[in-house]
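S.K.: Model the following, please.
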Amino acid sequence: MHALHCLIHQSVLCARLSGELKSVMDKVMRVINFVRGASSTQHRLFRQLVAESEACYEDLLLHNDVRWLSKGKALERFCALLDQVKTFLRMSKMRASNDHLAFLEDEMSISNIEFLTDIFGHLNQLNLQLQGRGKTIVDMIEKMDSFTRKLELFQSDLASGRLLHFATLKSQGGGRVTGIMTEFLDKLRDNFQSRFRDYCVPREIVGFVRDPLSTRSEEFSSLAKTTMSSLDEATLQLELIDFQSSSLVRDAFSAHSVEDFWIGCSEEYMGIKKLARYVLTMFPSTYTCESSFSSMNAIKTHERNRLTNVSLENCLRIKVTSLSPDIHKIVTGGRSHFSH
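M.R.: Okay, here's the model as predicted:
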């Protein structure tokens, strides 16, 4: 078995802020906390102001580092309600409101905020693509490689000044591009390339699971032997030739998903099938585990403090299962007791 760090967590670590952008992010969070947390009356007045302005959102969002999408969503909501926040700060009589207002009226700070909103919006899209049950390491590596190529596109888009992929910066920030932005994109791309260069399994092996019909036997067999020492290299070469020459295999591969194809693959190609199982049974993320914990927290609340472990396990099993019971069949198949 190979240990594999959760790919979703790694992608989040790649986007850690530092330097001036981290300072900008911290100041934005302080403004949000000031509006929402200084007093309940102040928060209520801000919500009333937002409602009267008929904005697209009702309130600001608090940022939580633990939640994957929190930073991008908080920034998106903040930019959408930026005018309302400025108006509220001008009306506020608290001393700290002047400092927050001076920060928001600085053009450079606003440009950095809008840049962060756009780039974390793209990162959130990647994060959502990586989430979900049934995602194999093959699927997730393809998404990672695709996003790394997108970062190259973002770099050229930012350098050209067209800002096709930075809508918030272009529309609200006036298209002001700074060296801090380009430096962050360079660092982000380097982080993705270095962190995801090796997934404990060579890319050629992962690519073989997705497209086994275009792999050359001589080069592939030695790499497979390195990955799984229990494989016989000579047998694997012969199996691969028979495998790629079979029209039945070719038809089955085009008609089924990757998982179904390898599950139904003939035992005649045991070595190849063993290698595919080795890759497909890896857990690429902790999504299933963390979503199960969230389900458990939703079930076992303070009001249900007498819930036993057995009952909790049964409720959680019903919650996380992908099976859909046929209620009509269960009801019609049961016996009715008319005496009751």
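S.K.: contacting residues for S247?
M.R.: Listed by Cβ atoms under 8 Å, 6 or more residues apart in numbering, S247 has no contact partners. No exception for glycine: its C-beta is placed from N, CA and C like everyone else's.
S.K.: Just after the helix or strand hosting Q84, pick out the following helix or strand.
M.R.: Secondary structure assigned from DSSP states H and E places Q84 in helix 82-91. For helix 82-91, the following helix or strand on the C-terminal side (DSSP H and E) is helix 96-104.
S.K.: And whatever helix or strand comes next after that following helix, what does it pack against?
M.R.: As assigned by DSSP H and E, the chain's next helix or strand after helix 96-104 is helix 107-130. If you count contacts as 3 or more Cβ pairs under 8 Å, 6 or more residues apart in numbering; DSSP states H and E, helix 107-130 packs onto helix 7-14, helix 19-37, helix 70-80, helix 137-160, helix 167-171, helix 179-195.
S.K.: which one of the ones you listed is the most hemmed in?
M.R.: Of all the helices and strands packed on helix 107-130, helix 70-80 carries the top mean neighbour count, a mean of 21, counting by mean count of other Cβ atoms under 10 Å.
S.K.: name the helices or strands packed onto it?
M.R.: Looks like helix 70-80 contacts helix 19-37, helix 107-130 (3+ Cβ pairs under 8 Å, 6+ apart).
S.K.: Redo those as CSV? Include distance to L62 and mean pLDDT.
M.R.: Compiled in CSV, the helices and strands packed on helix 70-80 are given as follows (distance: least, Cβ to Cβ, whole Å; pLDDT from 0 to 100):
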stretch, distance to L62, mean pLDDT
helix 19-37, 6, 91
helix 107-130, 15, 93
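S.K.: coming back round to it: right, so of the helices and strands packed on helix 107-130, which gets closest to H256?
M.R.: With Cβ to Cβ, the closest approach to H256 among the helices and strands packed on helix 107-130 belongs to helix 137-160: 14.5 Å.
S.K.: Measure how far the closest one is from the centre of its chain, please.
M.R.: From the chain centre to the centre of helix 137-160 is a distance of 14 Å (Cα atoms, centre = their mean, to the nearest Å).
S.K.: That helix to helix 179-195, inter-axis angle?
M.R.: Here helix 137-160 runs at an angle of 160 degrees relative to helix 179-195 (axes from the mean of the first three to the mean of the last three Cα atoms, to 10 degrees).
S.K.: Mind giving me the packing neighbours of helix 137-160?
M.R.: Going by 3+ Cβ pairs under 8 Å, 6+ apart, helix 137-160 lies up against helix 7-14, helix 107-130, helix 179-195, helix 203-210, helix 270-280.
S.K.: Please enumerate the helices of the stretch 201-340 of the chain.
M.R.: For the stretch 201-340 of the chain, applying DSSP state H, counting those that start in this stretch gives helices covering 203-210, 217-227, 233-245, 247-255, 258-263, 270-280, 287-299, 309-320, 327-333.
S.K.: could you dump those to a markdown table with distance to S70 and mean pLDDT?
M.R.: As requested, the helices of the stretch 201-340 of the chain are arranged in a markdown table below (distance: least, Cβ to Cβ, whole Å; pLDDT from 0 to 100):
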| stretch | distance to S70 | mean pLDDT |
| --- | --- | --- |
| helix 203-210 | 31 | 84 |
| helix 217-227 | 37 | 81 |
| helix 233-245 | 46 | 88 |
| helix 247-255 | 41 | 87 |
| helix 258-263 | 32 | 87 |
| helix 270-280 | 31 | 89 |
| helix 287-299 | 14 | 89 |
| helix 309-320 | 23 | 90 |
| helix 327-333 | 38 | 82 |
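S.K.: rewinding a little: let me see the residues that make contact with the helix holding Q84.
M.R.: Residues contacting helix 82-91 (Cβ under 8 Å, 6+ apart): 31, 35, 45-46, 49-50, 53, 55, 60, 78, 97-98, 100-101, 104-105, 110, 172.
S.K.: Any idea which of the helices and strands packed on helix 137-160 gets closest to R306?
M.R.: By Cβ to Cβ (comparing all of these), the closest turns out to be helix 7-14, at 35.3 Å.
S.K.: Now the residue nearest the centre of the chain: closest residue in space that isn't a chain neighbour?
M.R.: Ranked by distance to the mean C-alpha position of the chain (Cα atoms, centre = their mean), the top residue is N127 at 1.5 Å. Nearest residue to N127 in three dimensions, chain neighbours excluded: W68, at 5.2 Å (Cβ to Cβ, 6 or more residues apart in numbering).
S.K.: So the one you found versus Q129, what's the distance?
M.R.: 12 Å (Cβ to Cβ, to the nearest Å).
S.K.: higher neighbour count, these two?
M.R.: Shown here are W68 and Q129; by other Cβ atoms under 10 Å, W68 has more neighbours (20 against 17).
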